[in-house]
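Asker: predicted model follows, preceded by the sequence.
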Amino acid sequence: MIDKPIAITCGDPAGVGPEIVAKIFKEHPELREKVCPVGPASWLSTLDYAQAKEVGEPGFRADPGKPSVEGAVVALEALDEAAYGCRQGRYSAVVTGPVSKAWMSQAGGTWPGQTEFFAERWYGEPTMAFAGGKLTVVLATWHVPLMEVMNHLTRESVERAVKNADRLARKLGASTPRIGVCGLNPHAGEGGLIGYEEQGQLDPMLDVLRETYPGLSKCEPGDTLFHRQLQGEFDVIIAMYHDQGLAPLKAVDFDRAVNITLGLPFVRTSPDHGTAFGIAGQGKADAGSFLRAIELAGVLM
Ligand SMILES: N[C@H](C(=O)O)[C@H](O)COP(=O)(O)O
């Protein structure tokens, strides 16, 4: 029995999260002493887990594939319990089940994602990252409109991305992390022909950071950098914006990748898939990413 279990939130109770967790617990009884499921009583009773935390109205019962505001409220309460429980010292980390951002907003959630929720609850500046498959990717910006990306690529945010990329790569086994950085523009600006952000702002920042992180590249063309990681040239890639990093990641690692929130006082991981309401309750959902999210939370703590 470890001191503090990892909280596992149910996610949207009408999505695939609850059935995936049930499947994992059945197939991996060794997790029993390491994790604490957080969700509605009707779900917890099916898990037969001594260590569990009930949230929501006692009579709540989800209808798989049929999301509701009541279900989104339960998902929010599970997140609240997990975040608060970490701060109280009851949980060591959190693995979150998939939620619907649209339904969460109908239930009063104001965050673009769970990453921002935990940043608010744990008072920190997060970095979004993905690992667990063939690619390891850190995002310098994520839920911001493309037109505003450059405004968010400040000295502070770029340094935060580099620092967390270095930490992640070390936790995953690299002793001197080789960090590849995508340029913002096609061909990383092509020497100024296709944009000046690399020459004018980003490369000078990276030159300073390289004194602390010797394996840090300059801005490299984003269209080939992920291929170069697959060839073994880099331990981790920093993408400048959401789709630059997540399009290649989801092309090669869709069922394996784990979403990781770095830089906060506690580790939070999540499977990198959504609620999949269309197949919820049918036993079709793949449990690989969720299981890897639980395993990675243990590695990254
Ligand atoms: N940006 C992620 C993705 O596209 O996979 C995901 O939406 C993150 O959501 P959370 O902040 O809820 O982890």
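Answerer: Sure thing, it's come through. Residues are numbered from 1 along each chain as shown.

Asker: show the pLDDT at residue 2.
Answerer: Listed pLDDT for residue 2 reads 60.

Asker: spit out the contact partners of residue 285.
Answerer: 16, 19, 20, 276, 279 (C-beta atoms under 8 Å, 6 or more residues apart in numbering). For every residue, glycine as well, the C-beta is placed using N, CA and C.

Asker: rerun that using 6 Å as the cut-off
Answerer: 16, 20, 276 (C-beta atoms under 6 Å, 6 or more residues apart in numbering).

Asker: which single one of the residues you listed is nearest to the ligand?
Answerer: residue 276 (13.1 Å; C-beta to the nearest ligand atom).

Asker: the host helix or strand of residue 269 near the ligand anywhere?
Answerer: Using DSSP states H and E, residue 269 sits within strand 267-271. Yes: residues of strand 267-271 contacting the ligand under C-beta under 6 Å from any ligand atom: residue 270.

Asker: tally of neighbours for residue 276?
Answerer: When counting by other C-beta atoms under 10 Å, one arrives at 18 neighbours for residue 276.

Asker: oh, that last question was meant for residue 191, not what I typed.
Answerer: 10.

Asker: repeat that for residue 189.
Answerer: Applying other C-beta under 10 Å, I find that residue 189 has 21 neighbouring residues.

Asker: show me what contacts the residue nearest to it when sequence neighbours are not counted?
Answerer: Leaving aside its sequence neighbours, residue 189 sits nearest to residue 198 (C-beta to C-beta, 6 or more residues apart in numbering; 4.0 Å). Applying C-beta under 6 Å, 6+ apart, we find residue 198 in contact with 183, 188, 189, 219.

Asker: any chance you could map the helices in the protein?
Answerer: Using DSSP state H, the helices of the chain run over 17-27, 41-47, 69-87, 101-106, 114-121, 149-152, 155-171, 197, 203-209, 222-230, 242-253, 288-300.

Asker: export these to CSV and tack on mean neighbour count?
Answerer: Listed next are these as CSV, based on neighbours: other C-beta atoms under 10 Å:
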stretch, mean neighbour count
helix 17-27, 20
helix 41-47, 16
helix 69-87, 22
helix 101-106, 17
helix 114-121, 21
helix 149-152, 15
helix 155-171, 20
helix 197, 19
helix 203-209, 16
helix 222-230, 18
helix 242-253, 18
helix 288-300, 21
